[in-house]
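> Here's my sequence, what's the structure:
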Amino acid sequence: MSSREPHYQLPDHVRRIIDREGETEFTPPSFERWLGRLQMLRTMASMGAFMLVWLVSYTAGIGWEGATIRSIAAALAFHFFAWAVGLFIFGELYDIEVKQARVDLEVRERERARRIESYYRERLRAQGILVEGHDREGGHAPGHTLTDEQPASVAPIGGAPAYADEQYRPAA
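Below is the predicted model of the structure:
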C-alpha cells in the first residue's frame with residue numbers, strides 16, 4: 001500500500017462497480033499546446049515586425065542595409081514583447097482550463113460518491129436493514145410528515161416516520 005492510498009480499502013466487487021472512469025486523482029491539463037501557440041505567436045510577431053519595419057524604412061529613403069538592421073532590432077524587440085504578452089494571455093486561458101478540469105473532477109467525485117451510496121443502500125435494502133427510506137432503529141427520513149390517516153401509535157415519539165414493515169413496528 002502506498003502512502004497516497006487511504007488507510008481503508010473498498011472491497012474489490014465494490015471497486016469494480018464504482019471505478020468506471022478510472023483514476024480520480026486530479027492531473028492538470030497539459031500546458032504543451034499553449035506553448036506551441038506561444039511559439040507561433042512569437043514567430044509571427046517577429047516576422048511581421050521585421051517585414052513592416054523593413055518596408056517602412058526602405059520606402060522612407062534609408063538604404064536596404066539600414067532597413068535590415070532596424071528590422072532585425074524590431075524583430076528581436078517584438079519577439080520578446082510577444083513572448084511576455086503571450087505568456088500572460090495563454091497563462092490566463094490555461095488557468096481557466098485548469099479550473100474547468102477541477103469542476104469536472106468534482107462532478108465525477110460526486111457521481112462516484114452517489115454510486116457508492118446507492119450501492120450500499122441497495123445492499124442494506126437486500127439485508128432488510130433499510131426499508132423505504134428509514135431504518136430499523138427509527139431514523140428519520142428527510143421530508144416525511146405524518147398524515148391524518150396514520151394513527152399516532154404507528155409513529156414513534158419525536159416525529160420519526162412510521163415503519164413500512166409490520167415486523168419492525170415497536171411494541172405498543
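
> who touches stretch 38-58?
Residues outside stretch 38-58 that contact it (C-beta atoms under 8 Å, 6 or more residues apart in numbering) are 64, 66-68, 70-72, 74-79, 81-83, 86-87, 90. For every residue, glycine as well, the C-beta is placed using N, CA and C.

> for this structure, which spans come out with low pLDDT?
1-27, 130-172 (pLDDT under 70).

> Now the buried members of the contacts of stretch 38-58.
Buried members of the contacts of stretch 38-58, scored by 16 or more other C-beta atoms under 10 Å, are 67-68, 70-71, 74-75, 78-79, 82-83, 86-87, 90.

> Same list (the residues you listed) but as JSON lines, adding secondary structure.
Output for these, formatted as JSON lines (DSSP: H, G, I helix; E, B strand; the rest coil):
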{"residue": "67", "secondary structure": "helix"}
{"residue": "68", "secondary structure": "helix"}
{"residue": "70", "secondary structure": "helix"}
{"residue": "71", "secondary structure": "helix"}
{"residue": "74", "secondary structure": "helix"}
{"residue": "75", "secondary structure": "helix"}
{"residue": "78", "secondary structure": "helix"}
{"residue": "79", "secondary structure": "helix"}
{"residue": "82", "secondary structure": "helix"}
{"residue": "83", "secondary structure": "helix"}
{"residue": "86", "secondary structure": "helix"}
{"residue": "87", "secondary structure": "helix"}
{"residue": "90", "secondary structure": "helix"}
